[in-house]
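**Student:** Predicted model, plus sequence, below.
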Amino acid sequence: MPRAGADCRAEEVAAFVAAAIAEPPARPRHVFVVPDLPLTPLGKIARFRLRQEATLHRVRAALADIAPGAELRCTDPAARRVAVEMPGGLDGAGRAEVAGVLARLGLNLADG
């Protein structure tokens with residue numbers, strides 16, 4: 001999360017992290033810049049919301065070809081179940097295809 005008025009790009013952060021962390025497995029695979037950190041009612045960082053946002057990002061990228069324009073929701077605190085809604089709805093074959101993509105990511109298709 002950038003400071004107020006600061007310009008921050010994910011690519012710049014990724015390059016900085018790559019230079020600062022010598023072990024490739026310890027580096028994050030993806031970097032996101034968020035406008036605000038989600039907080040709990042007690043003011044702590046809501047890590048489950050960050051997990052949900054990261055999951056939605058992965059699913060959006062994975063479904064880009066087969067379900068463009070899909071509306072995604074993740075309300076599961078463990079970020080393992082994702083609801084996918086299409087403007088025209090999902091038929092049986094489309095639902096099975098989406099469920100297969102989610103399964104490859106280790107996720108489950110949630111009911112609408």
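**Tutor:** Here it is on my side, so go on.
**Student:** which stretches of this protein have low pLDDT?
**Tutor:** Residue ranges of the chain with pLDDT under 70: 1-2, 112.
**Student:** for this protein, longest helix please?
**Tutor:** Assignment by DSSP state H gives helix 47-62 as the longest helix of the chain.
**Student:** Do a quick rundown of the strands in the chain.
**Tutor:** Shown for the chain, the strands assigned by DSSP state E span residues 71-73, 81-85, 108-110.
**Student:** okay, those strands, which one's buried deepest?
**Tutor:** strand 81-85 (a mean of 18; mean count of other Cβ atoms under 10 Å). Backbone N, C-alpha and C define where each C-beta goes, glycine included.
**Student:** That one packs against which elements?
**Tutor:** helix 47-62, strand 71-73, helix 92-104, strand 108-110 (3 or more Cβ pairs under 8 Å, 6 or more residues apart in numbering; DSSP states H and E).
**Student:** Including distance to residue 60, could the strands of the chain go into a markdown table?
**Tutor:** Output for the strands of the chain, formatted as a markdown table (distance: least, Cβ to Cβ, whole Å):
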| stretch | distance to residue 60 |
| --- | --- |
| strand 71-73 | 6 |
| strand 81-85 | 10 |
| strand 108-110 | 15 |
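**Student:** got the contact list for residue 108?
**Tutor:** 80-82, 99, 102 (Cβ atoms under 8 Å, 6 or more residues apart in numbering).
**Student:** Could you export those residues as a markdown table, including distance to residue 40?
**Tutor:** Shown next, in a markdown table, are these (distance: Cβ to Cβ, whole Å):
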| residue | distance to residue 40 |
| --- | --- |
| 80 | 20 |
| 81 | 21 |
| 82 | 22 |
| 99 | 32 |
| 102 | 27 |
